[in-house]
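In: Quick check, what structure comes out for this input:
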Amino acid sequence: MNRIRRISIPRVVSAATLVLCIAGAPTATHRALATATLLTSSTPYLPGSRIGIHADGINAPYQIRILGDASVVNGDIAIPVGGPPESSTIFAANPYGLASRRLRVTAPPPARVPFIAVASYDEGVVFHRPTAPFASFAVLGIGGAPSDVAIDADGRLAAADTDSDALTVATLQPWNVQRVRDVPFGDEVAFDRRSHALFVTNRDVGGKGALTRIDASSSPTRVITGDTAEGLAIDNARQLVYVANVNSGTITVVDAATMRVRTTFHGVARNFSLALSDDGNRLYAVSNQSRTSVLGASGGVVAYALNDGPPHLVARSAPLAFPVGIAYDHRDRRVFVTDERDDVVDVLDARTLRPVHAPLKTCSTPWLPTYDAVTARLYVPCSRSGAVDVFDGRTLARAAGAPFATGGYPLAVALWHPGTP
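Out: Residues are numbered from 1 along each chain as shown. As a prediction, the model looks like this:
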């Protein structure tokens, strides 16, 4: 299901000699060249994309040459924002092998048209049509590996690179792509609907986890929260941000405006994912553990009351196989919890955390789920399947055309609904 295409170049001496000359390497027509592969997406790229250069089959260093409007910027292939839809051909070569790949560039998506955005660890943010067969039509390369994606009501899309300090923000109208530095090891991302600020959890900042806030008019601001910050939930009404510190077993509450820590309280072991009720009175946390793992402890979900004194535990689920992500459904007061061991989605009552439906069988290694209240659909990215599953939120039946193929190793989903606050 992985949509990264590996392009093999046959050992044709005349073509090899030409590319090696372009690369400035000495020709060696008597030497058998290694078959190399250049890894890029088979889906057309959007203007403003950055694409990491990966050539399997030949060892670095190798020379890169491009025919077309693309260029090499800080080691990435950079597609200009304002260029027309066209293609560029990328060559990677050294005296021992070569690879080439034609990159297609497509027009930006119209802001008036809904779409699904999938954070693909291997490719970037992959754009899909919102109805069956959910075909992909574009990918925004971020020059790294996103683990989450978010879209706000103004048509801003954000994804952080989990392996560097770069954050990518794209606007739909007019189309523009910007990169914000000093956002190290970004994990989850979310927009605050009230202030329009963007918040990112940082797994590691000088040995500690942190929360970063990005405003359009200022540089990033950051506060340390605990060890390995990952899960994120925002109370827009109260202007509070909740951060799950996985390796601390704690949850930190941060003032969204001042970026000061209000409190940190002990949660369950390996607080991995968070969800907040629509009224902000209950916080849900996933303990990403499994009795069969090296930790030897059962995972599960807990709920904390937030409206009557300090946060305190009010409900706990039965042990779950190996829970990962959680999504909240305010209409039917349910939480959906993905399980990476059994490849299911547990459906729990949001008040009691008891099952209200048999687990939904899904594709391999489901990750961070998204419940879309506009369409009443549950979206489940399955990392090892390279696919996204979709369920009707009312019937819990699988949607027609699901699961659908997407970029390699999908981890999160966001929905764009024009005109929806």
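
In: which residue ranges form the strands in the stretch 101-250 of the chain?
Out: Using DSSP state E, counting those that start in this stretch, the strands found in the stretch 101-250 of the chain span residues 115-120, 124-128, 136-140, 150-151, 156-160, 167-171, 176-180, 186-191, 198-205, 208-214, 221-226, 229-235, 240-245, 250-255.

In: what's the closest of those to residue 51?
Out: For residue 51, the closest of the strands of the stretch 101-250 of the chain is strand 124-128, at 7.9 Å, according to CB to CB. To be clear about C-beta, it is placed using only N, CA and C from the backbone, and glycine gets the same treatment.

In: coming back round to it: could you dump the strands of the stretch 101-250 of the chain to JSON lines with mean neighbour count, mean pLDDT and distance to residue 87?
Out: Formatted as JSON lines, these follow (neighbours: other CB atoms under 10 Å; pLDDT from 0 to 100; distance: least, CB to CB, whole Å):
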{"stretch": "strand 115-120", "mean neighbour count": "26", "mean pLDDT": "98", "distance to residue 87": "21"}
{"stretch": "strand 124-128", "mean neighbour count": "26", "mean pLDDT": "98", "distance to residue 87": "18"}
{"stretch": "strand 136-140", "mean neighbour count": "23", "mean pLDDT": "98", "distance to residue 87": "14"}
{"stretch": "strand 150-151", "mean neighbour count": "21", "mean pLDDT": "98", "distance to residue 87": "28"}
{"stretch": "strand 156-160", "mean neighbour count": "26", "mean pLDDT": "97", "distance to residue 87": "24"}
{"stretch": "strand 167-171", "mean neighbour count": "23", "mean pLDDT": "97", "distance to residue 87": "21"}
{"stretch": "strand 176-180", "mean neighbour count": "17", "mean pLDDT": "95", "distance to residue 87": "19"}
{"stretch": "strand 186-191", "mean neighbour count": "25", "mean pLDDT": "98", "distance to residue 87": "31"}
{"stretch": "strand 198-205", "mean neighbour count": "23", "mean pLDDT": "97", "distance to residue 87": "32"}
{"stretch": "strand 208-214", "mean neighbour count": "23", "mean pLDDT": "97", "distance to residue 87": "33"}
{"stretch": "strand 221-226", "mean neighbour count": "19", "mean pLDDT": "97", "distance to residue 87": "40"}
{"stretch": "strand 229-235", "mean neighbour count": "24", "mean pLDDT": "98", "distance to residue 87": "38"}
{"stretch": "strand 240-245", "mean neighbour count": "26", "mean pLDDT": "98", "distance to residue 87": "42"}
{"stretch": "strand 250-255", "mean neighbour count": "21", "mean pLDDT": "98", "distance to residue 87": "45"}
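
In: want to throw those strands into a markdown table with distance to residue 402?
Out: Listed next are the strands of the stretch 101-250 of the chain as a markdown table, based on distance: least, CB to CB, whole Å:
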| stretch | distance to residue 402 |
| --- | --- |
| strand 115-120 | 11 |
| strand 124-128 | 11 |
| strand 136-140 | 14 |
| strand 150-151 | 20 |
| strand 156-160 | 23 |
| strand 167-171 | 26 |
| strand 176-180 | 29 |
| strand 186-191 | 24 |
| strand 198-205 | 29 |
| strand 208-214 | 33 |
| strand 221-226 | 36 |
| strand 229-235 | 26 |
| strand 240-245 | 28 |
| strand 250-255 | 33 |
